[in-house]
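In: missing the sequence, but the structure's below:
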């Protein structure tokens, strides 16, 4: 089974802090993704990566950056946290090209005070 | 501009009956469609998918139907069980490996 692990289940940070969310997958997947989930809005794509050191903007990249130094690890960075970034953050990975499902971690519930 | 829409935020069904969850899309470039189930405090779990070359795919109690001309897909769960109570998301993909998700439907199966 694919295992996608997010480093924290719950996180509380202050406005203006730099926040790091970590994600690790153990199935040698090429593709990794960061989403946020908000009520009534579904999952919205923040950033994704198809290879090491490669990144692409998703639908809502403003206020975020990412890092992929190793194939198995994909980090989401909130440069200067704001209250509107309070959300559930979900990491996913998938295999190669073509039609493959994405597999998700259990999410990080982030609160910015 | 929502390219994938789930117009029913919630659905209640009696145990043992059929649950039908619906999803509409607008982008004719989408050619791969998926359904995910999500319990509270967990990540979405992949349920079933369908390629645009097919109009039906079945896996146990779950069947997905695709109507390309109407840009509509549906998930049928038969028979529904209380453990099926969850939020269901449909998602769609085109030539890129990205998924576009709907807003979700909360299914409640009543015992």
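Out: Yep, that arrived. All of these numbers come straight from a predicted model, not from anything done at the bench. Numbering: from 1, shown residues only, chains lettered A, B, ... in the order given.

In: got the residues of chain B near chain A?
Out: B:4, B:6, B:9, B:31-32, B:34, B:36, B:41-46, B:49, B:51, B:89, B:91, B:93, B:97-104 (CB under 8 Å from any CB of the partner chain). Using the backbone N, CA and C atoms, a C-beta is placed for each residue, glycine as well.

In: mind checking which of these are buried?
Out: For these, a burial check counting by 16 or more other CB atoms under 10 Å in any protein chain shown picks out B:4, B:6, B:31-32, B:34, B:36, B:43-44, B:46, B:49, B:89, B:91, B:93, B:97-104.

In: among the residues of chain B next to chain A, which are in strands?
Out: B:4, B:32, B:34, B:36, B:45-46, B:49, B:51, B:89, B:91, B:93, B:100-101 (DSSP state E).

In: dump these to CSV, plus distance to residue B:17 and pLDDT.
Out: Output for those, formatted as CSV (distance: CB to CB, whole Å; pLDDT from 0 to 100):
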residue, distance to residue B:17, pLDDT
B:4, 26, 95
B:32, 29, 94
B:34, 24, 96
B:36, 22, 97
B:45, 23, 95
B:46, 24, 95
B:49, 25, 95
B:51, 29, 93
B:89, 22, 96
B:91, 26, 95
B:93, 31, 91
B:100, 30, 92
B:101, 27, 93
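
In: residue of chain B nearest chain A, please.
Out: Of all residues in chain B, the one sitting closest to chain A is residue B:43 (3.4 Å; CB to the nearest CB).

In: ok, that residue touching residue A:109?
Out: No. In this structure, residue B:43 is not within contact of residue A:109 by CB atoms under 8 Å, at 11.7 Å.

In: in what helix or strand does the most centrally placed residue in chain A lie?
Out: Closest to where the C-alpha atoms of chain A average out (CA atoms, centre = their mean) is residue A:34, at 2.8 Å. Applying DSSP states H and E as the criterion places residue A:34 in strand A:31-38.

In: check which helices and strands that strand sits against.
Out: strand A:19-25, strand A:42-49, strand A:64-70, strand A:73-78, strand A:87-94 (3 or more CB pairs under 8 Å, 6 or more residues apart in numbering or on different chains; DSSP states H and E).

In: what do you get if the cut-off is 6 Å, keeping everything else the same?
Out: In this structure, strand A:31-38 packs against strand A:42-49, strand A:87-94, with contacts taken as 3 or more CB pairs under 6 Å, 6 or more residues apart in numbering or on different chains; DSSP states H and E.

In: quick one, which of the ones you listed gets closest to residue B:69.
Out: Closest approach to residue B:69 among those (CB to CB): strand A:42-49, 24.7 Å.

In: returning to what we had before: ranking the helices and strands packed on strand A:31-38 by burial, who's on top?
Out: strand A:87-94 (a mean of 24; mean count of other CB atoms under 10 Å in any protein chain shown).

In: who touches that strand?
Out: A:4, A:6, A:21, A:23, A:25, A:29, A:31-38, A:100, A:102-105, A:107-110, B:43 (CB atoms under 6 Å, 6 or more residues apart in numbering or on different chains).

In: from the chain's centroid, how far away is that strand?
Out: Relative to its chain's centre, strand A:87-94 lies at 5 Å (CA atoms, centre = their mean, to the nearest Å).

In: pLDDT weak spots in chain B?
Out: B:1 (pLDDT under 70).

In: centre of chain A to the edge, which residue is at the far end?
Out: Chain A, CA atoms, centre = their mean, max distance from centroid: residue A:98 (21.3 Å).
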